[in-house]
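Undergrad: the sequence and its predicted three-dimensional model are supplied below.
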Amino acid sequence: MNYPNGVGQNRRYQLVERDAERAGRAAERQARAVSLTVDQVHGSGPRVDAAEPIQVNAWVPHQIAYVEERSLEAEAIAWTRGAVLLRWVLPGTAHPVHAWVWAPAVTRRVT
């Protein structure tokens, strides 16, 4: 049976599908932190864990459609002679992000 003006078609599904597609495209554009590889960290010296996190500023590579370094405020929670493990929370999110970066990219923040 054919209904006039699209009655009976699942328009709600089409709207949800478009929203999901839009959200997927936005997620693809979301910058993601790029951490050092396990081999790079192991090659940078023995790991030392902080008793208390240290407030730092660090240049962290981010992958968008390309890799871009961004300065951000983070906590140093472990390190080796040549690398630092950082932890930070992105605005609007609840879960922390972790990344290893080269030690020269990190400076202690004055609080």
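TA: Here it is on my side, so go on.

Undergrad: could I get the full set of strands for this protein?
TA: Here the chain has its strands, by DSSP state E, at 32-33, 48-63, 67-79, 83-89, 96-102, 106-108.

Undergrad: out of the ones you listed, nearest to residue 42?
TA: With C-beta to C-beta as the criterion, residue 42 lies closest to strand 83-89 of those, at 9.4 Å. Where C-beta positions appear, they are placed from N, C-alpha and C, glycine not excepted.

Undergrad: helices or strands next to the closest one in the packing?
TA: For strand 83-89, the elements it packs on are strand 48-63, strand 67-79, strand 96-102, judged by 3 or more C-beta pairs under 8 Å, 6 or more residues apart in numbering; DSSP states H and E.

Undergrad: coming back round to it: would you turn the strands of the chain into CSV with distance to residue 39 and mean neighbour count?
TA: CSV is the format used below for the strands of the chain (distance: least, C-beta to C-beta, whole Å; neighbours: other C-beta atoms under 10 Å):
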stretch, distance to residue 39, mean neighbour count
strand 32-33, 18, 16
strand 48-63, 17, 14
strand 67-79, 17, 16
strand 83-89, 11, 20
strand 96-102, 11, 18
strand 106-108, 20, 14
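
Undergrad: residue 103 reaches residue 78, doesn't it?
TA: No. Shown here, residue 103 and residue 78 do not form a contact pair, counting by C-beta atoms under 8 Å, at 11.6 Å.
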